[in-house]
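Enquirer: pasting the structure only:
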């Protein structure tokens, strides 16, 4: 029985390691301009037009809005990937944090609007969600990415001017979207508890290992995927694992126990091929040091 408990624990650790590798952080690609079409979703004409439109908007307001399309998230979570892009690109002025990044993941059909802290008052999560669902997603589903992206970026610009409002229906949908993220954390945490109980009933050592390894790792993965903004809870998950381990040790002492893999793969994959790419004539374009804290919204198309 002890052999099977250790074997079960080993398999669980291997599974968690595999999941961690699968969800390895996908690196942010280089910032080439305001339009970064790595997935080749836009026509060259549309890419040039949008580049000019966003440049004019920045000259008028100092707000920076950029687009990023990628072929695939490679197993990553778009919210986590988006914040890494935001941290790397620093879109928006440092003293204003007035940047917005629109991200499209082609293979997974995911959309994310990442909003700098300085624009969250005029472009809150509710409004970003409405733009995704009502403006961008319909055009992408109909096979017209040029129109969808153009309309989406236009809606983002309007929102920063206070000319785009969310409806009560969208507010309810946004709340539902946020609350649904707790499911993965609960499932992984329960799985860790079950493994701890099974291993601990067979051996004190196995119980300690299971509680000290499986629960913190399970909690960390679940929270990292869906509650990264509340990362402090990962520490609570680890504390819960330690508590379970101690309780299991006491139980055994009294009862006798018993017997995006990440990376971009090189520029040949993402720079070559058709599509609009970045058509910026301003090679010196870069973010101004804007700050992001995960504000924005995500959805599918």
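Expert: That came through fine. Bear in mind that the values here come from a model prediction, so they are computed numbers and not experimental data.
Enquirer: How is the protein divided into domains?
Expert: For the chain, the structural domains run 2-23+179-255, 35-177+268-300, going by automatic domain parsing.
Enquirer: so how far is the first residue of the last one from its last?
Expert: The first residue of domain 35-177+268-300 is 21 Å away from its last residue (C-alpha to C-alpha, to the nearest Å).
Enquirer: And the contacts of the helix or strand hosting residue 137?
Expert: According to DSSP states H and E, residue 137 maps onto helix 137-141. With contact meaning C-beta atoms under 8 Å, 6 or more residues apart in numbering, helix 137-141 is reached by 104, 109, 111, 145, 147-149, 151-152, 299-301. (Glycine included, C-beta is placed from N, CA and C.)
Enquirer: Just to be sure, which of those residues are found in helices?
Expert: Of the contacts of helix 137-141, the ones assigned to helices by DSSP state H are 145, 147-149, 151-152.
Enquirer: mean pLDDT for the domains of the chain: which is lowest?
Expert: Of all those, mean pLDDT reaches its minimum on domain 2-23+179-255 (a mean of 50).
Enquirer: and the longest strand anywhere in the chain, what other elements does it pack with?
Expert: Longest strand in the chain, counting residues (DSSP state E): strand 292-300. Contact here means 3 or more C-beta pairs under 8 Å, 6 or more residues apart in numbering; DSSP states H and E; on that basis strand 292-300 packs against helix 78-89, strand 110-116, helix 125-131, helix 168-179.
Enquirer: I'd like to check the angle between that strand and helix 78-89, please.
Expert: For strand 292-300 against helix 78-89, the angle by axes from the mean of the first three to the mean of the last three C-alpha atoms, to 10 degrees is 140 degrees.
Enquirer: Parallel or antiparallel, list what pairs with strand 292-300.
Expert: Sheet pairing for strand 292-300, assigned by DSSP bridges, gives strand 110-116 (antiparallel).
Enquirer: need the contact list for the closest residue to residue 86 other than its chain neighbours.
Expert: Of all residues not flanking residue 86 in the chain, residue 292 sits nearest, at 3.7 Å (C-beta to C-beta, 6 or more residues apart in numbering). Residue 292 makes contacts with 83, 86-87, 97, 99, 114-117, as judged by C-beta under 8 Å, 6+ apart.
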